[in-house]
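Enquirer: No letters, just coordinates:
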């Protein structure tokens, strides 16, 4: 499934993986956010209201977890 009509999640992940070893540690966190979003966000436009649990689990967690995670 793609993120839109012109993209493919698998292709996007491969492109991000190529960049991963070439960037700073801070930029790695940004790439981690993109990976998380590609994995967790739905492949379709939401038409109904988003619940609090869905908002936290599917939208906030993919963005915030790499920001606050320390690998040390």
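Expert: Structure's in. What do you need? Everything numeric here is computed off the predicted structure, so don't read it as measured data. Numbering: from 1, shown residues only.
Enquirer: Every contact and neighbour count from this point should use C-alpha atoms.
Expert: Fine.
Enquirer: Can you say which helix or strand has the most centrally placed residue in the chain in it?
Expert: Centrality entry for the chain: nearest residue to the mean C-alpha point is residue 37, 1.9 Å, by CA atoms, centre = their mean. For residue 37, the enclosing helix or strand under DSSP states H and E is helix 25-40.
Enquirer: repeat for residue 11
Expert: Residue 11 belongs to helix 9-20, assigned by DSSP H and E.
Enquirer: Over to residue 43?
Expert: Counting by DSSP H and E, no helix or strand carries residue 43.
Enquirer: So what does it have for phi and psi?
Expert: For residue 43, the backbone dihedrals are phi -90, psi 10 (criterion: degrees, to the nearest 10).
Enquirer: now swap in residue 22 and tell me
Expert: Per degrees, to the nearest 10, the backbone of residue 22 is at phi -100, psi 0.
Enquirer: What degree of burial does it show, as a neighbour count?
Expert: Residue 22: 10 surrounding residues under other CA atoms under 10 Å.
Enquirer: again, but for the one 5 residues further on
Expert: Residues within reach of residue 27, counting by other CA under 10 Å, total 13.
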